[in-house]
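J.: can't give you the sequence, but here's the structure:
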């Protein structure tokens, strides 16, 4: 389906707003478990962010009735994991990617607290992530304002070099009112991007600089941090998912003032280890950068309230967000977002597992974006999105995931309601259809809308027309198989079929047709977005006990559906794409 002129993904609203943290309650015998987007004309802000996120050791275990606020998420030992088998006995002797896979594969919905992670006293660690990424794609057929103005959109080879350096330190106590305090720091530097992207804050971004205090009265957080929630449908922190194609480049960076509590712990003298694992959290975020607040002049904030249950097998939560944002032209956007998720994971023996997970989002609000002289007023926002998936396999072997998802569409992009829901840019679904083809076609739609032959005044906020590769206006089915033939190798195979929930409408073509649903090349009232086939190879080598090298190559081909036919019914040619990534990980 085509990105719609009014598809301003409120995912950023939720993204920036989602509580990265959620509460993980320690179990008595072992380490426990812890704690949007708009749709304007076919586009959203650009995503950026490195795939490798900081190593995730557990947060200071708060024996306080506090929710532990920590990123990136980890899988708690008590959350359905079986006892370590022979291959796991010496965890420190294995490359860190092996340890990370166990945590990343069943990516928990929120942060976790590991009561045994650090002994009483002081602790600390540091890390470096250096990543190089190159990608390219074949030509994408399109057309200019006039159907006769045939275009072949190119996606030039893009090269990215990104460094992340950081560390954390803290102190824990077994007694007293103050049980733990932790500080963290991480800086991201984009030193060699070609072509150079337009970044809101330049090539350097302070991703983390926060302090977290755990007391018998709850957990208090203040500072720069990453925001994530649930399956990552709206909010992402950049942590890789081994069952998705392509690297993650974005993330929600916020300055947060937060408080979290396990209410049941108040009846346990502040001790959460025996309390019912239901957490309550509130926070206020000043957005530094997310998928929506990505342009110079964007100012955004989020008020958040969340409720999270974190049991040994079932995790479920819901949060609400009030987001306010203005852009450089002082155009407003206000949104109310409700997001709910659940994840159930059961282990059968020491290696086999089964996981069921789902997340749903509802967005309501209004915005001044995309106003025109003929429609100067605010537009309503009414969007829905969700995903559901089943995954099973072995923790260090073959795994299979079947995922289905939907993002509401807008068959009449010129009316007064924006219905195009957009998932987080880093919620990767396939390698070509959304990240490459839809991104280029939405950029062309923006260029057509700005053509002075048709409009003396381009719509306000036109830069947000580009989808930036996000999943939008689509219902899809996405099976993925991961096989690990060797200890340090993996093969990924996947397919993607997608259709628009309603007749696909390109904002410019539909405007020319008086509101009729017309695709980007002239097809009328079509829904089939096409079929995609993907594959990836991954190899990792341990250079030292503190360093490893990761090499990955992804490739895919997309066969467009009838949404992308031209006015005469001629289909669009297939589009191929590849991506290579090399990453050095150092943990000290």
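T.: Received the coordinates, thanks. What you are looking at is a predicted structure, and each value in this text was computed from that prediction instead of being measured. Residues are numbered from 1 along each chain as shown.
J.: Residue 446 sits in which helix or strand?
T.: For residue 446, the enclosing helix or strand under DSSP states H and E is helix 439-449.
J.: tell me how far whichever helix or strand comes after that helix is from the chain's mean position?
T.: Using DSSP H and E, the helix or strand that follows helix 439-449 towards the C-terminus is strand 474-486. Relative to its chain's centre, strand 474-486 lies at 18 Å (CA atoms, centre = their mean, to the nearest Å).
J.: three-state assignment of the most centrally placed residue in the chain?
T.: For the chain, the residue sitting closest to the mean C-alpha position, by CA atoms, centre = their mean, is residue 236 at 3.3 Å. Per DSSP: H, G, I helix; E, B strand; the rest coil, the local secondary structure of residue 236 is coil.
J.: Would you mind confirming that it is in contact with residue 253?
T.: No. Applying CB atoms under 8 Å, one finds residue 236 not in contact with residue 253, separated by 10.7 Å. (Glycine included, C-beta is placed from N, CA and C.)
J.: hey, where'd the strands end up in the stretch 201-350 of the chain?
T.: Using DSSP state E, counting those that start in this stretch, the strands of the stretch 201-350 of the chain run over 204-215, 218-227, 252-261, 278-289, 299-310, 314-326, 332-348.
J.: Determine the set of other helices and strands touching the second one.
T.: This means strand 218-227. Using 3 or more CB pairs under 8 Å, 6 or more residues apart in numbering; DSSP states H and E, the elements in contact with strand 218-227 are helix 11-17, strand 204-215, strand 252-261, strand 278-289.
J.: now the last one
T.: Contact partners of strand 332-348 among helices and strands, from 3+ CB pairs under 8 Å, 6+ apart: strand 5-10, helix 11-17, strand 314-326, strand 352-367.
J.: Taking strand 299-310 as reference, get the angle to it.
T.: Strand 332-348 and strand 299-310 are oriented at 30 degrees to each other (axes from the mean of the first three to the mean of the last three CA atoms, to 10 degrees).
J.: Also the fourth one?
T.: Computed with the same axes, to 10 degrees, the direction of strand 278-289 lies at 160 degrees from that of strand 299-310.
J.: Of all the residues in strand 278-289, which ones are buried?
T.: Of the residues in strand 278-289, 278-281, 283-285, 287-289 count as buried by neighbour count, 16 or more other CB atoms under 10 Å.
J.: what does the third one give?
T.: If you call a residue buried by 16+ other CB under 10 Å, then strand 252-261 has these buried ones: 252-256, 258-261.
J.: Let's see the pLDDT reported for the closest residue to residue 472 other than its chain neighbours.
T.: Nearest residue to residue 472 in three dimensions, chain neighbours excluded: residue 422, at 4.2 Å (CB to CB, 6 or more residues apart in numbering). Listed pLDDT for residue 422 reads 92.
J.: Same check on the one 5 residues further on?
T.: At residue 427 the predicted local confidence, pLDDT, stands at 92.
J.: Okay, and residue 393 sits in which element?
T.: Residue 393 belongs to strand 379-394, assigned by DSSP H and E.
J.: Adjacent strands (with direction) for that strand?
T.: Strand 379-394 has the following sheet partners, assigned by DSSP bridges: strand 352-367 (antiparallel), strand 399-407 (antiparallel), strand 417-418 (parallel).
J.: and the direction of that strand versus that of strand 474-486, what angle?
T.: Interaxial angle, strand 379-394 versus strand 474-486 (the same axes, to 10 degrees): 30 degrees.
J.: follow-up on the earlier one: select, out of the strands paired with strand 379-394, the one closest to residue 484.
T.: Nearest of the strands paired with strand 379-394 to residue 484, taken as CB to CB: strand 399-407 at 8.6 Å.
J.: I'd like to know the average pLDDT value across that closest one.
T.: Per-region confidence: strand 399-407 scores 96 on mean pLDDT.
J.: how about it: buried residues?
T.: 399, 401, 403, 405-407.
J.: now do stretch 351-360
T.: Those would be 353, 355, 357-360, for stretch 351-360 by 16+ other CB under 10 Å.
J.: What of stretch 141-154?
T.: 141-143, 145, 153.
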